[in-house]
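*Asks:* Got a predicted model here, sequence first, then my questions.
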Amino acid sequence: MDKKNIDNRLVIFEGQKIRRHWDEKKERWYFSVIDIIAVLTDQLNFKKAKSYWTTLKNRLKNEGSQLVTFCDQLKMQSADGKFYNTDAADVETLLRLIQSVPSPKAEPIKLWLARVGYERLQEVSDPEKALNRSRAYWQRMGRSQKWIQQRMMGQEIRNKLTDYWKNNEVKEQDEYAILTNIIHQEWSDLTVLEHKSLKKLKTENLRDHMSDAELVFTALAELSTRQIAETVEAKGLEENKTPAKKGGRIAKNARLELEQKTGKKIVTGENFRQSFKTDHKQMEGQK
């Protein structure tokens, strides 16, 4: 295994290596639970860290907690170079597990979780706070006011589409993802995953790295999809696949016509990190 692949499977936390695995299908990282436990308990001995995790698992099961069931068995490389089945968990599950570990190192994370939870409760009672938080996040990224307005307009169109799906027998999560992928592939000729891969993204939100034009055509596709679905009163996943294809195709035809007129591709591999670096270098050169 070359160095690039090794680095892709490890992350450094508190000076110690944490094994991890990227799930391409689910688009999320999974981390070795034992490695995290070893850091939180200051236990460098693997067997003792494993014993602590075994005890914690039994305690959680006896308390009726379902957390352990969310841990997956994944093959990860051990110190001897061989691969063994290892308990692994995504970030959400790990954050919940950390709250069960009485460790001073866990306290900053617990305080952060409490703060985030409080912020989310505020947003439920006052949705404007969520909008302001999103706007502040994009501003910190260095996005222009024009881009932020476009992004928020696109999100509003997206929300109206998912509201329609929710009220017409489309199940959240998996079925939303299926329909979204159909729309995206129709207008862009790429699946969502292929588009993220083109932009060299993993856990990042694809729309946060779209250009103004990509956001416009995504919004057009989703707006068209909703209006067609409303017209035919589509219900359930299968019936909504047809509006998704037709809505995406409307945006595709507009994209192809614009590309023909301008000679420029709408869908590109540029992401915000790259454009920020380019703009920064240009500004430095002008000093």
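*Replies:* Looks like it arrived, so ask away. Just so it is clear, the model here is predicted, and its values are computed rather than measured.

*Asks:* can you pull out the helices in the stretch 151-287 of the chain?
*Replies:* Ranges of helices within the stretch 151-287 of the chain are 174-188, 192-198, 212-232, 236-262, 272-286, based on DSSP state H, counting those that start in this stretch.

*Asks:* Against residue 67, how distant is residue 28?
*Replies:* 17 Å (Cβ to Cβ, to the nearest Å). Yep, even glycine has a C-beta here, placed from its N, CA and C like the rest.

*Asks:* Between those two, tell me which one has more neighbours.
*Replies:* A count of neighbours by other Cβ atoms under 10 Å puts residue 67 above the other of residue 28 and residue 67, at 18 against 14.

*Asks:* okay but the more buried one is in contact with residue 96, surely?
*Replies:* Yes. Assessed by Cβ atoms under 8 Å, residue 67 is found in contact with residue 96 at 5.7 Å.

*Asks:* before we move on, back to that, of all the helices of the stretch 151-287 of the chain, which one comes closest to residue 159?
*Replies:* helix 212-232 (9.8 Å; Cβ to Cβ).

*Asks:* Okay, and residue 76 sits in which element?
*Replies:* In the assignment (DSSP states H and E), residue 76 maps to strand 72-77.

*Asks:* in that strand, what counts as buried?
*Replies:* 72, 74, 76 (16 or more other Cβ atoms under 10 Å).

*Asks:* Relative to residue 199, which of those residues is nearest.
*Replies:* When those are compared for distance to residue 199 (Cβ to Cβ), residue 74 wins out at 26.5 Å.

*Asks:* what about the closest one, distance to residue 23?
*Replies:* With the distance defined as Cβ to Cβ, residue 74 ends up 9 Å from residue 23.

*Asks:* What of residue 215?
*Replies:* Distance, residue 215 to residue 23, by Cβ to Cβ: 27 Å.

*Asks:* which one of these two has more residues nearby?
*Replies:* Taking neighbours as other Cβ under 10 Å, residue 215 and residue 23 compare with residue 215 leading, 18 against 13.

*Asks:* quick one: that one and residue 155 touch, right?
*Replies:* No. Using Cβ under 8 Å, residue 215 is not in contact with residue 155, being 9.6 Å away.

*Asks:* where do the contact lists of these two overlap?
*Replies:* By Cβ atoms under 8 Å, 6 or more residues apart in numbering, residue 215 and residue 155 have these common neighbours: residue 207.

*Asks:* can you give me the end-to-end distance of stretch 35-49?
*Replies:* Start to finish, the residues bounding stretch 35-49 are 8 Å apart (Cα to Cα, to the nearest Å).

*Asks:* roughly how far out does that stretch sit from the chain middle?
*Replies:* Centre-to-centre, stretch 35-49 and its host chain are 29 Å apart (Cα atoms, centre = their mean, to the nearest Å).

*Asks:* Check what contacts it and list those residues.
*Replies:* With Cβ under 8 Å, 6+ apart as the criterion, stretch 35-49 contacts 13-14, 16-19, 34, 52-53, 56, 79, 94, 97-98, 101, 103, 105-106.

*Asks:* if we go to 6 Å?
*Replies:* Applying Cβ atoms under 6 Å, 6 or more residues apart in numbering, the external contacts of stretch 35-49 come out as 13, 14, 16, 18, 19, 34, 52, 53, 101, 103, 105, 106.

*Asks:* tell me the phi and psi of the nearest residue to residue 185 once chain neighbours are set aside?
*Replies:* Of all residues not flanking residue 185 in the chain, residue 191 sits nearest, at 5.1 Å (Cβ to Cβ, 6 or more residues apart in numbering). Phi and psi for residue 191, reported as degrees, to the nearest 10, are phi -70, psi 170.

*Asks:* Good, we can wrap up now.
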